[in-house]
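1. just the structure for this:
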Amino acid sequence: MSSAFGSPTRKTRILVAGAGAFGGWTALHLQRRGAQVTLCDAWGPGNSRASSGGETRIIRATYGPDRPYVQMAVRALEIWKEHEKRWNLKLFHHTGVIWLAGADDKYEKAALPLLRDAGVRFEEMTPAAAAKRFPQMNFDGVKWAIHEQDFGFLTARRNCQTVLEHFMNEGGEYRQLAVEPGAITGREMHEVRLTDSSKASADQMVFACGPWLGRVFPDVAGNLIRPTRQQAFFFGVPAGDTRFVEGGMPTWNDHGAAHFYGIPGNEWRGFKIADDERGPTFDPTDGDRTPTADAIQAARKYMEFRFPGMKGAPLVEARVCQYENTPDQNFIMDRHPQAANVWLLGGGSGHGYKHGPAVGERMAELVLGNKPVDPFFGLARFSKEKAGLPLKQG
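-> Now for the predicted structure:
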């Protein structure tokens, strides 16, 4: 049995595979630009296997020397805030973000002119000034800090589901099915296979498959997407203590000897702490998501050093998720090299969620032929031997 999405005589028919932060926003932007879009996902937006799952994500603009991400973070924040008003829903939490520079501060120094160029409001802070402003934090080992005043954090799983809801309200079609690529002939993919045994066709196809992108296209992306096992922990704040909850302190990113980040307690959840160091290779479909005792101990040790008032706090929640890393940690936003109507979108590398609205906007313009592929996100950059390079932090 075969089906076609949309009306081929009136609208461009587009299939988007993957309803996470990248795919959901891409589908919504395409729908608004007059396409007839069908969005598919194997387990649903923000599901527990997805890289866009879980409760919260940081949104910040400090990106070292990487101007494209600074610009996209600023644009993404504009879109998040615009849609808060449009949908009358809380999507963004304005806490500010403090970025802690360690002894090697080249990354932070490179960020400053880009933040200024992008119009980001920020303050450079000495450890003494930061400790006076945020006395619940211990700034030992911090060389200096960047305090981004307009950023904060986003709800994650819930926001993905909200994007899907409004995509459907605006005329988009959603099907909870996995998508398997079909054959490529004449430099086009004419149809795909779905897990209900049907086939479907579209004029353009976007595969935003998160950690599965390398499996879906092993010949093109198999060596470019490496899922790694990551762990995040939520510790219970002391009863009635507002120092460690939203409104009492900023979201933070510690770029010192160890790279931890976290979010103050919010919506009656715990105090979030996660290690940004890349974990072992992970199977996002069947991998064991039980937290490890060593990771809990490391998170607690860091927390009790940087936030002494949280000493002895109980672990109230834990989550095992994954990053889908590219060799250089930059996103992939490009055509399939053998199929002109197929687009690959992924490689969030642990920092993609915040950019979802801006990535979707950019992808919609690419798919509809209104913008060229940016080499910064193109597949051609991997033609050089980069797979053995260490991942950059950021």
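2. did I read that right, Val37 in a helix?
-> No - counting by DSSP: H, G, I helix; E, B strand; the rest coil, one finds Val37 to be strand, located in no helix.
3. now for it: which residues touch it?
-> 5-6, 14-16, 27, 30-31, 167, 172-173 (Cβ atoms under 8 Å, 6 or more residues apart in numbering). Bear in mind the C-beta positions are built from the backbone N, C-alpha and C, glycine included.
4. do the same with Asp276
-> Residues in contact with Asp276 (Cβ under 8 Å, 6+ apart) are 259-261, 350, 393.
5. and those residues, which of them are buried?
-> Buried subset of these (neighbour count, 16 or more other Cβ atoms under 10 Å): 259-261, 350.
6. which of these fall within helices?
-> Secondary structure defined by DSSP state H assigns none of the buried ones among the contacts of Asp276 to helices.
7. which one among these sits at the bottom for pLDDT?
-> Minimum pLDDT for these is recorded at His259 (94).
8. once you drop chain neighbours, what's closest to that one?
-> Nearest non-adjacent residue to His259, counting by Cβ to Cβ, 6 or more residues apart in numbering: Asp276, 4.2 Å away.
9. cool, and Gln136?
-> Arg243 (4.2 Å).
10. now stretch 360-378, how far from the centre of its chain.
-> In terms of Cα atoms, centre = their mean, to the nearest Å, the centre of stretch 360-378 is set 18 Å apart from its chain centre.
11. which residues does that stretch contact?
-> Residues contacting stretch 360-378 (Cβ under 8 Å, 6+ apart): 12, 14, 22, 24-30, 32-33, 35, 68, 72, 75, 79, 204, 206, 330-335, 343, 345, 381.
12. now go through the residues you listed and say which are in strands.
-> Mapping the contacts of stretch 360-378 onto strands (DSSP state E) picks out 14, 204, 206, 332-335, 343, 345.
13. write the ChimeraX selection for whichever of the contacts of stretch 360-378 are buried.
-> In ChimeraX syntax, the buried subset of the contacts of stretch 360-378 is picked out as below (16+ other Cβ under 10 Å):
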select :12,14,22,24,25,26,27,28,29,30,33,35,68,72,75,79,204,206,330,331,332,333,334,335,343,345,381
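14. give me the low-pLDDT residue ranges for this structure?
-> Applying pLDDT under 70 to the chain flags residues 1-10, 384-394.
15. let's see it at 50
-> By pLDDT under 50, the low-scoring segments of the chain are 1-3, 6-9, 385-394.
16. can you map out the helices along this protein?
-> Going by DSSP H, the chain shows helices at 21-32, 67-87, 106-117, 127-133, 157-169, 213-216, 218-221, 293-306, 356-367.
17. if we can go back for a sec, JSON lines for the contacts of Asp276, including distance to Arg121?
-> Formatted as JSON lines, the contacts of Asp276 follow (distance: Cβ to Cβ, whole Å):
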{"residue": "His259", "distance to Arg121": "24"}
{"residue": "Phe260", "distance to Arg121": "25"}
{"residue": "Tyr261", "distance to Arg121": "21"}
{"residue": "Gly350", "distance to Arg121": "25"}
{"residue": "Gln393", "distance to Arg121": "24"}
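18. tell me which of those is nearest to Thr292?
-> Phe260 (16.0 Å; Cβ to Cβ).
19. in contact with that closest one, which residues?
-> With Cβ under 8 Å, 6+ apart, Phe260 has these contacts: 254, 273-276, 299, 302, 306.
20. distance to Gly141 added to those, as a markdown table?
-> As requested, those are exported to a markdown table (distance: Cβ to Cβ, whole Å):
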| residue | distance to Gly141 |
| --- | --- |
| Asp254 | 9 |
| Ile273 | 16 |
| Ala274 | 19 |
| Asp275 | 16 |
| Asp276 | 16 |
| Ala299 | 17 |
| Tyr302 | 11 |
| Arg306 | 9 |
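21. which pair in those has the greatest spatial separation?
-> Asp276 and Arg306, at 14.2 Å, using Cβ to Cβ across the contacts of Phe260.
22. list the contacts of the residue lying closest to Gly360 once chain neighbours are set aside.
-> Computed as Cβ to Cβ, 6+ apart, the closest residue to Gly360 that is not its neighbour in sequence is Trp25, at 2.8 Å. Counting by Cβ under 8 Å, 6+ apart, Trp25 makes contact with 163, 356-357, 359-361.
23. looking at the residues you listed, state which has the most neighbours.
-> Gly356 (31 neighbours; other Cβ atoms under 10 Å).
24. can I assume that one is in contact with Phe22?
-> Yes - using Cβ atoms under 8 Å, Gly356 makes contact with Phe22 at a distance of 5.9 Å.
25. what residues do the two have in common as contacts?
-> Shared contacts of Gly356 and Phe22, defined by Cβ under 8 Å, 6+ apart, are found at Ser52.
26. fine by me, we can end here.
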